[in-house]
Every structure is written in structure tokens, then in C-alpha cells.
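**Student:** Sequence and computational prediction follow.
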Amino acid sequence: MKVILEKLISGEKLSRQETKNILLEITQNKYSNEQIAAFLTAIQMRGISVDELLGLRDGILETGIPVDLSPYKVIDIVGTGGDGKNTFNISTCSCFVVAGAGYKVAKHGNYAATSVSGAGNVLEEHGVKFVADNSKHLENIEKCNFTYMHAPLFAKAMKFVAPVRKALQIPTCFNLLGPIVNPCRPQFQSLGTATLDQMRLYHSVLQHISENYMIVTALDKYDEISLTTDFKVISKNMEQVYSPNNIGFRRINPQEIFGGATKQEAKEIFDNVLNNVATESQKNVVLANSAFSINCICGEKSISECFAEAKESLESGKAKQVLQKYIELNS
């Protein structure tokens, strides 16, 4: 670790293999908490490189529990979190809308870090029990087009750095790993980032590990299409800025997509959306994110065609049926 820290202090970047080795050695208890803290702080002060983030990802996946959903092509729909906006569970609602439209969704998530309710929170509020059993996740995909993998059950390496991250009380490079360590390694990735800098970083990372991805960032720093302002979309072959008007929506106020003050309030909003009784703004923001996620899978389809599929899924009750079946299978 002394050699690694000297490199970082002098401004050098680590290779993908070097960073992977460090992660593996952390899980083998080869470093003290003080050394791990120094490593994380040095990376944070300089800013992580693409190869360094890829190396940490490689180590997380190698030491974690894999999930094999290979009979199917699946998409993960996820935001980086940490935008501080406390919206309702927009990306999780979108997962059920996309699944209701007939696509296979394998979401990787966790409890909320900066908002009232993350994917793990809202599903747990519905009585869902989280497991790492591969056969259960395959059954979910086969029977209701959706499964949820709770990150702490799969990324075993995270527990080795948890005490240090808690003691540091600042974001570290490990905050960036969630969206890229889905244990089933999905063929499609619909990712929301809170800043343009994060968008550029993930764009560079995903070019190495995925052929089919789409990244969205609202220009007022939401990690999803918020419809509160213009938003940018990047994929492997496209980069474009949209306004809500471009896709047929009015611009909305931030308070219209607020996630509530309690987990129960967040659950109520989530249920209202999938029951198709939410406010127009709540419904539209989910449909917008769902449409672009469908477009990630079906790039040949126009956004208006993808929107029509998402709307039909929600308004016909198919999205709600996916949720109901998923709860039935996992309670």
C-alpha cells in the first residue's frame, strides 16, 4: 500500500489491474483501516480515473455472488442517487412500467442514502423479502418480467470498506460503483446521473463494458429525467439535449415530484403511480423515464413509439400486475 499511496500522492493513476488487486487484497484483510482511508481519500481528492473505477468494479464482481439470467436479455434502470432532490421512486416505478410493456427488467439497488425511500425501502414496505437465490431471480424474470437484487446481499466486498466509509463521512469512489456492479451483468443499462461530470465518467466506463446503454442527466442536477428542465441523453452512438416540450410534456415544478417526508408517504405515491391515479406530473415523469429506457432496448423505435408502449403498460394496469405478481412471488 505504501507504493500505491506514493503513486497517488505524486499524481499518478493506477491501472485497471492494480486497482482490482487492491480491492481483492482489501477483502483478504491485507490493509488496516487507516491505509484504506488514506487510499480512498487520495483517490477522492484527485478524482477517480476510468481504469481505476473499472478495476474496483472487476474486484467487486469477482468477490461477489453472481446471478445468471442468461436465457434472457435484461435491462437495469437505476439512478446514481445522491442528488439530494428527494424525489419519489421514479426509476423503480419505471422498472414496473417497462416490465409491464413486455421487457425483462433486473434491477440492482439498495436502501436510500440521501432520500426518504430507495428501491430497497419501497419494495420492503410492500412486504418483499430479499434473497440471493439465483433460481428465485430467474423465476421472477420468467413469471413477471421483473426481479430486484438487493446490493448488500451480492457485493460482499462492500462490508470490508463499510467502517472506513462511515468514519470518513464523505463520498468516496465506492459511491460510484452501485450502477455498474449489477450481479447479473445486464445486456442493457438505463442510467441516470446527477451531474454532467458523472455522465462523462460513466459514458467512458460503459463504453468498456456494455454495447447497449443510455445515460440521462437533468441539467438542474436530477439523476433522472425530471421534466423540471432540459435534460441530456448519451448512448454509445448518440448525444442530444431535450426539453420536456420536445417529447410532448410541459415543464413541471420540483415540488410536483417530491417523494414525501416518510417511507409511508413515498409508498403511497409509488402505489398511486402504478394504480394510475397519481398526479399528471408524477405520471408523466415516470412515463418519460420509461420511454427512454424502452428506447435503450429498442433503438430502432422512436421516442413517441416507446412512450406509447409505456403509457399502455401503465394505463392498462399491466405495470401494476407486474408489481402484484412480484410481491406474490417474494413475500
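**Tutor:** Received it, and whenever you're ready, just let me know what you need. Numbers count the residues shown, from 1 in each chain.
**Student:** what about the longest helix in the chain?
**Tutor:** helix 280-297 (DSSP state H).
**Student:** any idea which helix or strand comes after it?
**Tutor:** helix 303-315 (DSSP states H and E).
**Student:** Buried residues in that following helix, which are they?
**Tutor:** For helix 303-315, a neighbour-count test (16 or more other C-beta atoms under 10 Å) marks 303, 306, 307, 308, 309, 310, 311, 313, 314 as buried. Backbone N, C-alpha and C define where each C-beta goes, glycine included.
**Student:** Can you name every helix or strand that that helix contacts?
**Tutor:** helix 90-100, helix 280-297 (3 or more C-beta pairs under 8 Å, 6 or more residues apart in numbering; DSSP states H and E).
**Student:** Just the element for residue 268, please.
**Tutor:** helix 263-274.
**Student:** wait, what's in contact with the residue lying closest to residue 118 once chain neighbours are set aside?
**Tutor:** Using C-beta to C-beta, 6 or more residues apart in numbering and skipping the chain neighbours, the partner closest in space to residue 118 is residue 112 (3.5 Å). If a contact means C-beta atoms under 8 Å, 6 or more residues apart in numbering, then residue 112 has 81, 118, 120, 121 as its contacts.
**Student:** Which of those residues sits closest to residue 170?
**Tutor:** residue 81 (15.4 Å; C-beta to C-beta).
**Student:** List the buried residues for the longest helix of the chain?
**Tutor:** Residues of helix 280-297 classed as buried by neighbour count (16+ other C-beta under 10 Å): 281-297.
**Student:** quick revisit: quick one: mean pLDDT over the helix holding residue 268.
**Tutor:** Averaging pLDDT along helix 263-274 gives 95.
**Student:** In which helix or strand does the residue nearest in space to the middle of the chain reside?
**Tutor:** Centroid-nearest residue in the chain, with C-alpha atoms, centre = their mean: residue 78, separated by 2.4 Å. Per DSSP H and E, residue 78 falls inside strand 74-79.
**Student:** Provide the strand pairings for that strand, with the direction of each partner.
**Tutor:** Strand 74-79 has its sheet partners listed here by DSSP bridges as strand 104-109 (parallel), strand 188-192 (parallel).
**Student:** Quick check: which of the ones you listed is nearest to residue 181?
**Tutor:** strand 104-109 (7.2 Å).
**Student:** Can you list the neighbours in contact with that closest one?
**Tutor:** 67, 69, 72-78, 92, 95-96, 98-99, 118-120, 137, 141, 145-151, 154, 178-179, 181-184, 186.
**Student:** separation between the residue nearest to the centre of the chain and residue 54?
**Tutor:** 18 Å (C-beta to C-beta, to the nearest Å).
**Student:** Could you find the closest non-adjacent residue to residue 282?
**Tutor:** residue 273 (5.6 Å).
**Student:** Could you pull up the residues touching the one you found?
**Tutor:** Contacts of residue 273 by C-beta under 8 Å, 6+ apart are 88, 93, 282, 283, 286, 314.
**Student:** ok, so of those residues, who is nearest residue 214?
**Tutor:** residue 286 (16.3 Å).
**Student:** Now do the contacts for the closest one.
**Tutor:** 90, 93, 94, 97, 273, 278, 310, 314.
**Student:** rerun at 6 Å
**Tutor:** 90, 93, 94, 273 (C-beta atoms under 6 Å, 6 or more residues apart in numbering).
**Student:** likewise residue 122?
**Tutor:** 89, 92, 267, 270.
**Student:** Serialize the residues you listed to a markdown table and add fields for neighbour count and distance to residue 248.
**Tutor:** Below are the contacts of residue 122 laid out as a markdown table (neighbours: other C-beta atoms under 10 Å; distance: C-beta to C-beta, whole Å):
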| residue | neighbour count | distance to residue 248 |
| --- | --- | --- |
| 89 | 27 | 23 |
| 92 | 26 | 23 |
| 267 | 21 | 29 |
| 270 | 28 | 24 |
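**Student:** Tell me which two of these sit farthest apart.
**Tutor:** 92 and 267, at 11.0 Å, using C-beta to C-beta across the contacts of residue 122.
**Student:** how about TSV for the helices and strands packed on helix 303-315, with mean pLDDT and distance to residue 58 added?
**Tutor:** Below are the helices and strands packed on helix 303-315 laid out as TSV (pLDDT from 0 to 100; distance: least, C-beta to C-beta, whole Å):
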stretch	mean pLDDT	distance to residue 58
helix 90-100	97	25
helix 280-297	97	24
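**Student:** okay, those helices in TSV with distance to residue 107 next?
**Tutor:** Below are those laid out as TSV (distance: least, C-beta to C-beta, whole Å):
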stretch	distance to residue 107
helix 90-100	5
helix 280-297	11
